[in-house]
Every structure is written in C-alpha cells, then in structure tokens.
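Peer 1: Mind folding the following:
(one chain, ligands or ions: 1)
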Amino acid sequence: MCGIVGFTGAMVKSQDISSILLDCLSKLEYRGYDSAGIAVISNDRVEVRKAKGRLSNLTSLVEREPVSGFTGIGHTRWATHGEPSDINSHPHTNVSGDIAVVHNGIIENHVAMRRWLEGKDVTFRSETDTECIAHLIDFYYEGDLVTALSKTLQKLEGSYALAVVCRNEPENIVVARKDCPLIIGRGEGNNLLASDVTPLLEYTREVQYLDDNQVAKITPEKVEILDLEGNVIDLAVSHVDWDLQSAQKNGYEHFMLKEICEQPYAIDQTYKARVYGEKLDLGEITKTVKDARRVVIVGCGTAYHAAVVAKYAIEHYSRLPVEVDVASEFRYRDPLVTEDDLCIVISQSGETADTLQAMRIFKEKGAKIIAITNVVGSTVSRVADHVMYTQAGPEIAVASTKAFTTQLMCVFLLTCALTKDEQKQKEMMEELSTLSQKAEAVVCRQEEIQRFAARQFNKTKVFYFGRQSDFAISLESALKLKEISYTHSEAFAAGELKHGPIALVDENTLVVASCCHPKLYDKMDSNIKEVKARGAKALAITFEGNDAFEGVADEVFQIPKTDPYFAPMLSVIVTQLYAYYCSVNRGNDPDHPRNLAKSVTVE
Ligand code: M6R
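Peer 2: Sure, this is the predicted structure:
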C-alpha cells in the first residue's frame, strides 16, 4: 500500500534532503508500490520529482535533476485511482505548484470535489483522487497551512494520511490522519514523519502516533498537534525498541528467508513475554478471558488463518464455541455479537482497514477486545481493551511468516488461559515451551526443502489439504505459495476431496498433505492414495516416528512431535520454505510480490 515520508531540519550524517527522503522511501519499498516521488522546498520553489516504477527510477531522475533544501516529503504509490504513471504519482500540486501533497488512503467523494473545483476553473493534471486535496488547500490558503488543511479536511470523505508542504512556509510540514497510520519521529534539530515506523529507525526512536482527526505542524524544532477545532493536544511520545539490524537483511538473500529463519527466536520471545517461571501471566487479560462465554476472532489473510488455527485449539481445549471470520465479510454481515463475547482481532500491522472496522463493531456491541498485533502503538493496539504483542520484530517481506507463527503462540497462550482443566493447562504450557526448539529443528533442514522445491517448483497446480488444524494450515500454505510464486494453489479440507476438487487432480498436480492428527492418519492415507491414483505427486508432512506415509506419498517430511493442535506452528515452516524456494526458482522476487502490499489500509 502507499507509503509516505517527510523530513524537515538539520541534515543527518552529511546526507542531503533527497537522499534522506529516498532512504526513507526505500524502507517502505516492502509495502508494495508502483511509482514514487518527492517534493522539496528548494530555492523558494516547490521542486517535484516523480517517476513510475521502482525507486531506482526516481533515484536516477534525482541524480539527473538534483534538488537541495531542508524540508521535503515523499511517497511510494500503489495505484488505486488512475494507472501507475509519472503524472499519477505523488506528490500532487496545486495549479501554481506552490503546494505539494502526498496521500495514503482513498478520498471517496473525489468526483464531487473534482467537479466543484473544475467549476472554479481548476484544471486537473492527473486521474487521482489525491489531486483535489492540493487544489482544495490552495482554495482555502490565506497564509496559514494548518488552517487551510483543516478547512480542506471538512470537505473530504474517506481515509487519509496526508503530508503537505508549501512554498510560503519553507520549514513546515503539515500532516493529518483519518483511518490511515501516520507516525511522527522526533529528532534533534530535525523532525520526521512516515506511514510506518521502519523509515524512522535510522534517525530516531522517539515517536508520536497521530490519532484520527488530528493535524500536526512539524517544524525542525517543534511538533504541534491539534484537533480539528484547533485545540492543542498533548500526544505521548513513545520509545521504539526495534533495532535497525532487524530491519536489514544481514547477509540473507531476501527478507523473507531471514524472517523464516528468525522464527524460533521470535516464537521464544513471544512465549517468554507472557510466561514467568513456567507460569502463564496474561495480566489483566486473565480476568477478561475467565468471563468469556463465546469467542469471536477476526483477521485478514494470514492473520485470519491464525484465527482458524485458534478455533480448533480453543474449542478442543476450552469447550467454548468459537466463531471466526475474515474481517471484510464480518463487517458487512450484521454479525451476532454481544457484550458477553470475547472478541479477538489479529493483525500484524495493526492497521488493516477491514480489521479496524470489525473492531468498531465489537466496540459498538460492548464486547471486550483482545488485539494480537506486532506493532506497538498501531491503531488496533490503541482501540483494543487488551493487547498481546507478537515479539516478531519488524516484518519486512510482504508474505507474512514470523508474524504468523508468533500470532499462533499468542493464540495458544490464550487457549491455555481459557482451558479450565489445570492439569491439561500445565501439559499445554510444557509443550509450548518446547516449540521454539522444535521450530529450530525444522528451520535447520531448509536444504531438504530447497531440494524438494527444485524438483517440484514447476507444477502448475498445488493443492494443500488436511483435516482439522491441518486444514487450517493448508489455507495458510496455499496463500503463501500463490503470493510469491504465482502458482495456482488451493487449500481444502481433505474430506472434501471427493466433493469436487478431485476433478482437478492430474499429473501436473502436487498435493501437500498435512497429516499431524494421529487419529486421522488412516483418513489421510486414503486421500493421498486417491490423488496419487490420478497421477498427482504427493508430499506428506507428519510427525517424527510415524512411517505410515512412507511408500504412500512420494516424499515425507517429518516434523518434531508435538500436540496436534500446536503442529501448525511447525508444519507451516515447511510450506513457507517450499513457497520461498519455488518463488526463487521461478525467478521471482519473494520480498516484493506483484500486485501485493504489506499493509492493506484501504478496503
Ligand atoms: O497486517 P495484517 O496482519 O492485518 O495483514 C493482513 C493481511 O493483509 C496479510 O496477512 C496478508 O494476507 C499477507 N500478505 C500474508 O502473507
């Protein structure tokens, strides 16, 4: 999704303004984009440079046409209104070119605004919804950018994180947010902004998370935060302890491989954040959990798959009914939620638009909300009653890996808390304490999976199936493969095979069968034989010591033995690695899959 950055003030490490802005934008590349641009106040002018395609195109343009100055904004665009092109790239300016705007989000009433402005003889240059913001600010500008932006916001419907510069106010950047993240970084002699925290880490660890309907005036020495009525707001400064190293590749070819390999540590950290001397300590969450009569869990994409895994574990161990849904469906289906429900939202970024809307429904119904998120200070973390942070560190690759397995650790810890049987709870806690080592054992065998992928990467269809939580992990495995290898992959419950999917099975098919529920080995054995009989190749993932699938599947990968309900945390590492190596073998860039964005902050 689009990214925005801004910087004003004293230069850092003898960089110039364009290299600071380009550096910050490079830290947002992982979010996915199709064009980029910057605007710098330079020699009493607003100089704009923008280019379609990779950031390197913009860098080359800036090398050919340099800009100097102390105040600037930048943007990576993921096209929504208007194709990716130089003209449609941000920043957008007013007619005279004195005001420049970068924007994340969608202006829903942009057609009406465009007509209104055209009626006032404004000529538009781009097809974007954003351009109307630059013209509206111009319309309202009478010498104070904050006032002009505040008046503009009253005309806008939709979502936005905005940063604006103006020739007449050469040291100022004015920003605003509604339903899209915007973070201000507090430097020394300079201040910054970005749509997520990673670009800021190089420059500062002290940040302020702007709230909805707030406007800020950022100057080199000061940040003034206001509500829409112009009242000054005292916004807390938070310290970010993510280290810069964790947002760099550290010798790995791709962030995705690095993040897969970091999972044992991240799982361990997430466990240790909530367990003291082998005792589960969820703090205030413990009471909320105790009163639960029913559990509702929502998320999108991978986070939703963590919810599906959670459903199987929680229902099995706590005997509470669990409803799960993708947030985009949940928000529109008039869901049945009461104040007695325990609502859990899962989101790596904590900024996913649909997930936030689902949370609003939970709030309206008076239900208690536990958020599982990776980003301290994210919107999800601020709206929820309680937060469980995944200790994954920054996840840069678009395809989620370590965020997922740490989300699983959080839901398994919650499962323990929801389980009434103390003996069972003790056994579960013991098992959870072993999972990071077991994950390490899987990661260490990555070369076996690399060899398997080298043999099987050009299958045109890959189907993942399993039963119960093995079905849940099949969903995530299929998503991972399609995201980065662009292979047609699907997941289904193994019992559904004969109800339709088997019609697609032929010799171009690879089937990955997750077989980690011992009681269901026989059923999975039959399913594997059924696809093999139709020419498919089969990989079975099962527990160490279970040789039942040898000679049945073409390949068997044995993972360390664990509780079947926790096995997804280990089996998914196998399928993440398979997806990664397929992507690389196909010549794709797994860190920047086509058409995808890291954080989906619009519908
Ligand atoms: O930040 P979130 O966890 O809310 O994001 C949800 C999905 O957009 C995300 O999991 C997406 O499916 C990833 N690309 C999965 O790899």
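Peer 1: Contact partners for the closest residue to Thr59 other than its chain neighbours?
Peer 2: Leaving out its chain neighbours, the residue that sits closest to Thr59 by CB to CB, 6 or more residues apart in numbering is Leu22, at 5.7 Å. C-betas here are computed from N, CA, C, even on glycine. By CB atoms under 8 Å, 6 or more residues apart in numbering, Leu22 lies in contact with Ile38, Leu55, Leu58, Thr59, Val62, Gly74.
Peer 1: and Leu22, what element?
Peer 2: Here Leu22 sits within helix 17-26, counting by DSSP states H and E.
Peer 1: same thing with Leu136?
Peer 2: Counting by DSSP H and E, Leu136 is found in helix 131-140.
Peer 1: Buried ones in that helix, by neighbour count?
Peer 2: For helix 131-140, the buried set under the neighbour-count rule, 16 or more other CB atoms under 10 Å, comprises Glu131, Cys132, Ile133, Ala134, His135, Leu136, Ile137, Asp138, Phe139, Tyr140.
Peer 1: same check, this time on stretch 566-586
Peer 2: 566-585.
Peer 1: Would you mind writing the CA trace of it as CSV?
Peer 2: Taking C-alpha atoms only, stretch 566-586 is exported to CSV below (Å, rounded to 0.1, in the frame of the first residue of the first chain):
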residue,chain,number,x,y,z
PHE,A,566,0.0,-26.9,18.0
ALA,A,567,1.6,-28.7,15.0
PRO,A,568,0.6,-25.9,12.5
MET,A,569,3.4,-23.8,14.0
LEU,A,570,5.9,-26.4,12.8
SER,A,571,4.3,-27.7,9.6
VAL,A,572,3.9,-24.1,8.3
ILE,A,573,7.7,-23.6,8.3
VAL,A,574,8.0,-26.4,5.8
THR,A,575,5.4,-24.9,3.5
GLN,A,576,6.8,-21.4,3.9
LEU,A,577,10.2,-22.6,2.8
TYR,A,578,8.7,-24.5,-0.1
ALA,A,579,6.9,-21.3,-1.2
TYR,A,580,10.1,-19.3,-0.8
TYR,A,581,12.3,-21.7,-2.9
CYS,A,582,9.6,-22.1,-5.6
SER,A,583,9.5,-18.3,-5.9
VAL,A,584,13.2,-18.0,-6.2
ASN,A,585,13.4,-20.9,-8.7
ARG,A,586,10.8,-19.1,-10.8
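Peer 1: List the contacts of Val165.
Peer 2: Gly6, Ala39, Ile41, Val46, Thr71, Gly72, Ile73, Ile99, Ala100, Asn172, Ile173, Val174.
Peer 1: In its sheet, which strands sit next to the strand or helix carrying the first one, and in what direction?
Peer 2: If you go by DSSP H and E, Gly6 is part of strand 3-9. Strand 3-9 sits in its sheet next to strand 71-77 (antiparallel), strand 190-194 (antiparallel), going by DSSP bridges.
Peer 1: what's the pLDDT at the residue of the stretch 151-300 of the chain found nearest the ligand?
Peer 2: The stretch 151-300 of the chain approaches the ligand most closely through Cys300 (4.1 Å), counting by CB to the nearest ligand atom. pLDDT for Cys300: 97.
Peer 1: same deal with Gln245?
Peer 2: 68.
Peer 1: Could you do Met1 as well?
Peer 2: Residue-level pLDDT assigned to Met1 equals 66.
Peer 1: List, one by one, the residues from the protein near the ligand.
Peer 2: Residues of the chain lying close to the ligand (CB under 6 Å from any ligand atom) are 300-303, 347-349, 352, 355, 398-400, 483, 596, 599-600.
Peer 1: Just give me the closest of those to the ligand.
Peer 2: Closest approach between those and the ligand, by CB to the nearest ligand atom: Gly301, at 1.9 Å.
Peer 1: Isn't the closest one up against Val398?
Peer 2: No. The criterion here is CB atoms under 8 Å, and Gly301 misses it with Val398 at 10.4 Å.
Peer 1: Can you name every helix or strand that the helix or strand bottoming out on mean pLDDT in the chain contacts?
Peer 2: When the helices and strands of the chain are scored by mean pLDDT, DSSP states H and E, strand 238-239 comes last with a mean of 88. Packed against strand 238-239 by the contact rule (3 or more CB pairs under 8 Å, 6 or more residues apart in numbering; DSSP states H and E) you find strand 206-209.
Peer 1: buried residues in the strand it packs on?
Peer 2: Neighbour-count burial for strand 206-209, counted by 16+ other CB under 10 Å, picks out Val207, Gln208, Tyr209.
Peer 1: Would you format those residues as TSV with pLDDT included?
Peer 2: Formatted as TSV, the buried residues of strand 206-209 follow (pLDDT from 0 to 100):
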residue	pLDDT
Val207	94
Gln208	95
Tyr209	92
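Peer 1: Just the closest of those residues to Met113, please.
Peer 2: Of all the buried residues of strand 206-209, Tyr209 has the smallest distance to Met113: 28.0 Å, by CB to CB.
Peer 1: So for that closest one, what's the nearest residue that isn't a sequence neighbour?
Peer 2: Gly377 (4.4 Å).
Peer 1: That neighbour belongs to a strand, doesn't it?
Peer 2: No. Gly377: not assigned to a strand; according to DSSP: H, G, I helix; E, B strand; the rest coil it is coil.
Peer 1: Glu206 is in contact with that one, correct?
Peer 2: No. Between Gly377 and Glu206 there is no contact under CB under 8 Å: 11.9 Å.
Peer 1: Touching both of those two, which residues are there?
Peer 2: By CB under 8 Å, 6+ apart, the residues touching both Gly377 and Glu206 are Ser238.
Peer 1: And Val376, what's its pLDDT?
Peer 2: Confidence at Val376, expressed as pLDDT, is 85.
Peer 1: ok, now which ones touch the residue lying closest to it once chain neighbours are set aside?
Peer 2: In this structure, Val376 finds its nearest non-sequential neighbour in Tyr389, 6.4 Å apart by CB to CB, 6+ apart. Residues near Tyr389 by CB under 8 Å, 6+ apart: Thr270, Ala273, Thr373, Asn374, Val376, Ser381.
Peer 1: And Pro564, by the same measure?
Peer 2: Gln468, Ser469, Cys516, His517, Pro518.
Peer 1: Just give me the closest of those to Tyr33.
Peer 2: Top of the list for closeness to Tyr33, among those and by CB to CB, is Ser469 at 35.6 Å.
Peer 1: Can I get the strands paired with strand 3-9 in TSV including distance to Val240, mean neighbour count and mean pLDDT?
Peer 2: Formatted as TSV, the strands paired with strand 3-9 follow (distance: least, CB to CB, whole Å; neighbours: other CB atoms under 10 Å; pLDDT from 0 to 100):
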stretch	distance to Val240	mean neighbour count	mean pLDDT
strand 71-77	20	30	96
strand 190-194	12	26	97
